[in-house]
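A.B. asks: All I have is the shape, not the residue letters:
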Ligand code: ACO
């Protein structure tokens with residue numbers, strides 16, 4: 001028997017504290033105009049001390065489980081994509097497991113920075129396809145505000161905090177060769193890439209040899225920007241090709257929300273109708289591994305994404321990593 005992964009429900013959590021560009025600390029010497037023009041960001045949610053990555057992930061997961069009508073004792077695995085775990089180890093996913101009262105299965109983190117959600121989706125999908133698990137809580141959660149240097153205007157204005165969770169469940173696959181029939185709901189494809197020669201373009205300057213240093217994000221923004229549209233373009237092409245799809249077949253394009261100019265670059269490259277593109281970067285800023293599921297959640301909850309529609313997601317981030325996936329919702 002073959003299985004496919006279907007999305008049963010989605011939930012999210014955003015910290016209460018929403019900081020507008022104009023409310024950023026004065027010492028930053030920035031402006032609403034500069035930030036909007038270069039990035040499209042107008043505001044971001046910033047976590048309070050109690051809103052840890054585990055806390056936000058747990059709240060998002062509770063919402064998704066409730067919407068799915070699935071009890072925690074039916075969940076086989078928690079896979080948490082995050083760049084901002086509560087501790088270096090153990091995996092924050094295990095804390096989420098405890099907070100949810102889950103006493104079975106397994107939980108672990110995935111670290112692929114802004115591509116983390118798509119990486120975690122691919123891992124979850126493969127566990128389900130092999131029949132090893134039936135129900136997965138897939139979460140993207142970040143407290144990026146805790147790892148940026150709030151004196152570095154070139155990075156701190158770009159990021160935000162939040163979490164979103166999907167409940168994935170196994171369904172029987174109608175086709176005989178293990179491939180999902182094109183009209184069936186579920187994850188149709190995932191494509192993952194990395195190129196470690198870009199390691200130093202975006203990183204946190206805290207290492208195992210500098211345990212007392214707090215560490216902050218270091219970013220070579222222009223180089224990242226230059227790579228982004230090209231690498232995202234590659235991943236999108238692969239996703240279309242693997243499913244024998246063309247752009248008009250796609251109902252919703254849900255990109256990683258790093259920067260409105262990167263999103264526009266991809267829109268232009270593929271001639272995507274802008275009304276089919278879900279954009280939340282203005283409201284959430286870049287929430288790294290949480291950005292795609294937060295955008296999915298918004299578009300599902302406001303009724304844009306409907307059951308049976310084709311959704312193409314893509315991401316690119318530190319590593320460098322980049323990835324894409326096609327989901328029939
Ligand atoms: N407010 C005002 N001025 C600023 C700010 C700010 N927040 N940040 C930088 N500046 C200044 C710089 O100091 C510099 O001033 P100078 O000319 O006097 O030296 C000037 O603006 C230009 O700085 P650059 O860094 O060259 O600006 P650039 O046009 O490259 O825009 C940006 C910066 C927005 C970060 C851009 O490079 C970018 O979007 N890169 C993509 C990075 C990204 O999205 N990273 C997210 C993580 S990776 C991912 O998710 C894909």
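C.D. replies: Perfect, I can see it now. It should be emphasised that the depicted structure is a prediction, and the values quoted were computed from it without experimental measurement. Numbers count the residues shown, from 1 in each chain.
A.B. asks: can you map out the helices along the protein?
C.D. replies: All helices of the chain, identified by DSSP state H, fall at 32-39, 53-68, 92-99, 116-129, 153-156, 221-242, 260-270, 281-284, 291-301.
A.B. asks: right, so of those, which gets closest to the ligand?
C.D. replies: Judged by CB to the nearest ligand atom, the one of these that comes nearest to the ligand is helix 221-242, at 2.8 Å. (Each C-beta comes from the backbone N, C-alpha and C, glycine too.)
A.B. asks: what packs against the closest one?
C.D. replies: In this structure, helix 221-242 packs against strand 186-194, helix 260-270, strand 310-317, strand 321-328, with contacts taken as 3 or more CB pairs under 8 Å, 6 or more residues apart in numbering; DSSP states H and E.
A.B. asks: Spell out which strands sit alongside the third one in the sheet and which way each one runs.
C.D. replies: Within its sheet, strand 310-317 is paired with strand 252-255 (parallel), strand 321-328 (antiparallel), according to DSSP bridges.
A.B. asks: now swap in the first one and tell me
C.D. replies: Using DSSP bridges, strand 186-194 pairs in its sheet with strand 321-328 (antiparallel).
A.B. asks: Which among the strands paired with strand 310-317 is found nearest to residue 211?
C.D. replies: Each of those was scored for nearness to residue 211 using CB to CB, and the closest is strand 321-328 (25.5 Å).
A.B. asks: Now render the helices and strands packed on helix 221-242 as CSV, adding mean pLDDT.
C.D. replies: Putting the helices and strands packed on helix 221-242 into CSV (pLDDT from 0 to 100) gives the following:
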stretch, mean pLDDT
strand 186-194, 97
helix 260-270, 96
strand 310-317, 98
strand 321-328, 98
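A.B. asks: Any chance of JSON lines for these, columns mean neighbour count and distance to the ligand?
C.D. replies: Compiled in JSON lines, these are given as follows (neighbours: other CB atoms under 10 Å; distance: least, CB to the nearest ligand atom, whole Å):
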{"stretch": "strand 186-194", "mean neighbour count": "21", "distance to the ligand": "13"}
{"stretch": "helix 260-270", "mean neighbour count": "18", "distance to the ligand": "6"}
{"stretch": "strand 310-317", "mean neighbour count": "27", "distance to the ligand": "5"}
{"stretch": "strand 321-328", "mean neighbour count": "26", "distance to the ligand": "9"}
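A.B. asks: So for residue 301, which of these sits nearest?
C.D. replies: The closest approach between residue 301 and any of these, judged by CB to CB, belongs to strand 310-317 at 14.3 Å.
A.B. asks: Residues of this protein that sit close to the ligand?
C.D. replies: 30, 34-35, 38-39, 114, 153-154, 157-158, 202, 219, 221-222, 224-225, 228, 256, 258-259, 286, 316-317 (CB under 6 Å from any ligand atom).
A.B. asks: Between the strands paired with strand 310-317, which one is closest to residue 143.
C.D. replies: With CB to CB as the measure, strand 321-328 is the member of these nearest residue 143 (19.8 Å).
A.B. asks: how far off helix 221-242 does that closest one point, in degrees?
C.D. replies: For strand 321-328 against helix 221-242, the angle by axes from the mean of the first three to the mean of the last three CA atoms, to 10 degrees is 40 degrees.
A.B. asks: Check the offset of strand 321-328 from the chain's centre.
C.D. replies: Using CA atoms, centre = their mean, to the nearest Å, the mean C-alpha position of strand 321-328 is found 10 Å from that of the whole chain.
A.B. asks: Which of the strands paired with strand 310-317 sits closest to residue 146?
C.D. replies: It is, among the strands paired with strand 310-317 and with distance given as CB to CB, strand 321-328, at 21.2 Å.
A.B. asks: now the closest one against helix 116-129, angle please.
C.D. replies: 50 degrees.
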